[in-house]
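*Asks:* Build me a model:
(one chain, ligands or ions: 1)
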Amino acid sequence: MKIEFTTAAVVCVPSDSALPRTAIPSAQAISAMISAMNGALKMPLKSDEKSLYARMGGESVLNRVIDDTIERARVDTTIDWSREGAPQGWKPTPENFEDFKRGLSRYVSEEIGGPQKYEGPDMRQAHKGMRITNEEFDAFMNHLRAALANNNVSEKDQRDLTRVFEKTRKQIVQEQAPEQDRRPDRDASGSSGSSTSSSSSDQQPSGASGDDRIGNTGTKQ
Ligand code: HEM
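*Replies:* From the prediction side, this is the model:
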């Protein structure tokens, strides 16, 4: 929700106001107040509130958490790291995992108020064709939780960072509906009325713009 103060909302001063003339702010002052209020709304709730990046301890802690998460995840056989079928192709080599960690770290940094910026494809594009399942995503999230606890991140920060990752689920998970384009009884429009689609977070149309957008990265290519 975006709240915007407008002049109309503020200049409702009754004409028979008992206020002395000098107490009624000028149009210029009102306009300055409005921009100050609008500016304040875009900032964190408290001006002294630190970003999650700063609270966690900056780049070194973030990198440790990412490194730990990926090191745990890469040996987890629940997750298929070969990602065969991904159009861009990917091999789980040590070098590629290091690149992945670097990209992930930049992505997360940007999401949580850090200085490093991610300039790669958005999450839907980066994982396109990999057919990552909810089960794999859950496994990944469990490694993240373990890594956060292992690196002494506070409980609040653990929750906040987990939420940042969780928000990408709809863009990353792409479970194929088993019947898709293959069932002979499926009509051409694709609207068979079937309820076999597996979970709520799969089958996102590529232009979907729900609550899965995080920050300003949703539109990056
Ligand atoms: C089971 C879960 C996941 C798997 C199997 C997976 C797999 C991959 C693979 C193989 C790549 C490399 C693609 C390429 O270079 O062509 C990649 C890229 C990426 N993934 Fe994931 N991913 C998973 C979850 C996540 C999550 C939860 C995030 C959270 C934000 C994420 C963020 C990224 C980013 C930022 C990149 C781009 C890295 C870069 O090249 O700069 N991934 N992912």
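
*Asks:* For the rest of this, base every contact and every neighbour count on C-alpha atoms.
*Replies:* Noted.

*Asks:* Tell me where the model's unsure across this structure.
*Replies:* Within the chain, the stretches with pLDDT under 70 are 1-48, 176-221.

*Asks:* Which residues belonging to stretch 104-123 are considered buried?
*Replies:* 104-112, 114, 117-118, 122-123 (16 or more other CA atoms under 10 Å).

*Asks:* Stretch 141-161 too?
*Replies:* 141-145, 147-148, 153, 157-158, 161.

*Asks:* So that stretch, near the ligand or not?
*Replies:* No. Shown here: stretch 141-161 not in contact with the ligand (CA under 6 Å from any ligand atom), separated by at least 6.9 Å.

*Asks:* ok, now which ones touch Thr133?
*Replies:* Residues in contact with Thr133 (CA atoms under 8 Å, 6 or more residues apart in numbering) are 173-175.

*Asks:* Who wins on neighbours among these?
*Replies:* For the contacts of Thr133, the largest number of neighbours (other CA atoms under 10 Å) sits with Val173, at 25 neighbours.

*Asks:* Does that one touch Asp138 like I think?
*Replies:* No. Assessed by CA atoms under 8 Å, Val173 is found out of contact with Asp138, at 10.2 Å.

*Asks:* So which bits of the chain are right by the ligand?
*Replies:* Residues of the chain lying near the ligand (CA under 6 Å from any ligand atom): 79, 81, 88, 90, 100, 103-104, 107, 120, 126-127, 136-137, 140, 165, 168.

*Asks:* In ChimeraX, select just the buried ones from those residues.
*Replies:* For the buried members of these, the matching ChimeraX selection, counting by 16+ other CA under 10 Å, is:
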select :79,81,100,103,104,107,127,136,137,140,165,168
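
*Asks:* I'd like to know which of the residues of the chain next to the ligand are part of helices.
*Replies:* Of those, the ones assigned to helices by DSSP state H are 100, 103-104, 107, 126, 136-137, 140, 165.

*Asks:* measure the residue of the chain found nearest the ligand to Ser109 for me?
*Replies:* Going by CA to the nearest ligand atom, the ligand is nearest to Gly103 of the chain, at 3.3 Å. Gly103 sits 10 Å away from Ser109, taking CA to CA, to the nearest Å as the criterion.

*Asks:* How about Phe100?
*Replies:* Counting by CA to CA - Phe100 and Ser109 are separated by 14 Å.

*Asks:* which residues do those two both contact?
*Replies:* Counting by CA under 8 Å, 6+ apart, Phe100 and Ser109 have no common neighbour.

*Asks:* hmm, back to that, which one of the ones in helices among the residues of the chain next to the ligand is nearest Ile66?
*Replies:* Distance ranking of these against Ile66, using CA to CA, places Leu104 first at 7.4 Å.
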